[in-house]
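J.: Dropping a prediction and its sequence here:
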Amino acid sequence: MVSYTLTSIACLALGAAAVPLNIADLVGGNGGNGHVSLQLNIDLGQDAFAANRFGGGDLFHFTSTHSIHALPENVVNDTTPTGGLAGASGIFNFGINSHANMICYNITLHNFQGEFESPADTATHIHEAAVGKSGPPRIAFPNPEPINEDASIRNSAGCLKGPFLTGVIMEEKDTGEGFHVSQIEANPAAFMTDTHSSLALPGAVRGQLA
């Protein structure tokens with residue numbers, strides 16, 4: 001368990017479009033004279049979201065949480081199974097605050113190989129797609145990075161706040177444009193999460209949110 005006290009909330013630039021809240025930036029050398037002290041507990045294991053709460057308003061109160069085991073055998077190209085990236089797996093934890101149109105994430109990949117590759121801004125996403133079908137990305141997350149220089153285990157954790165952009169253009173607009181996280185809560189089975197590799201372009205691993 002890692003615990004940080006944030007002495008200033010001026011760095012929480014929640015008005016920015018889909019900008020990760022970088023915990024390292026908040027606690028390192030950028031202290032201010034803010035009058036609110038907030039306590040954040042981050043568990044880099046897979047139980048993080050149940051315990052994380054901010055006392056300062058509604059910011060880190062989650063209206064729903066989702067934990068997804070993503071596997072290569074779930075990957076499809078359109079409706080055709082591809083087999084994904086053999087031997088890889090992932091745990092995707094999400095905490096949603098639909099009041100703030102915000103999603104927090106703790107993503108861990110095991111045995112990812114190749115390079116992250118996707119037409120989107122990143123290769124790690126939530127797509128609007130039912131089981132066994134492909135669909136457009138709605139949220140793009142930072143790609144997980146090696147932990148302790150061990151490329152076999154990669155992690156990415158943080159928060160994104162709408163409006164969202166993915167970098168993928170369909171029908172002359174970004175596939176994240178106008179998306180709201182409440183749409184996930186309304187029908188989680190209509191959404192899946194995945195990451196893409198240069199060795200498995202349709203997807204390395206995939207898991208349905210419900």
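T.: On my side now, so go ahead.

J.: helices and strands around the longest strand anywhere in the chain, which ones?
T.: Taking DSSP state E as the criterion, the chain has its longest strand at strand 150-161. For strand 150-161, the elements it packs on are strand 102-110, strand 137-141, strand 145-147, judged by 3 or more CB pairs under 8 Å, 6 or more residues apart in numbering; DSSP states H and E. For the C-beta atoms, the positions are set from N, CA and C on the backbone; glycine is no exception.

J.: Neighbouring strands of that strand in the sheet, and parallel or not?
T.: Applying DSSP bridges, strand 150-161 is found paired with strand 102-110 (antiparallel), strand 145-147 (antiparallel).

J.: Between these, which one is closest to Phe164.
T.: Among these, strand 102-110 comes nearest to Phe164, with 8.8 Å by CB to CB.

J.: rewinding a little: for Glu185, which of the helices and strands packed on strand 150-161 is the nearest?
T.: Nearest to Glu185, of all the helices and strands packed on strand 150-161, is strand 102-110, at 10.5 Å by CB to CB.

J.: could you give the angle of that closest one to strand 137-141?
T.: 70 degrees (axes from the mean of the first three to the mean of the last three CA atoms, to 10 degrees).

J.: Just the buried positions in the next helix-or-strand element following strand 102-110, please.
T.: Downstream of strand 102-110, the first helix or strand assigned by DSSP states H and E is strand 124-128. Within strand 124-128, the residues scored as buried using 16 or more other CB atoms under 10 Å are 124-128.

J.: Reformat the residues you listed as TSV; add pLDDT and distance to Ser134.
T.: Formatted as TSV, the buried residues of strand 124-128 follow (pLDDT from 0 to 100; distance: CB to CB, whole Å):
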residue	pLDDT	distance to Ser134
Thr124	98	16
His125	98	12
Ile126	98	13
His127	98	7
Glu128	98	10
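
J.: Thanks a lot, catch you later.
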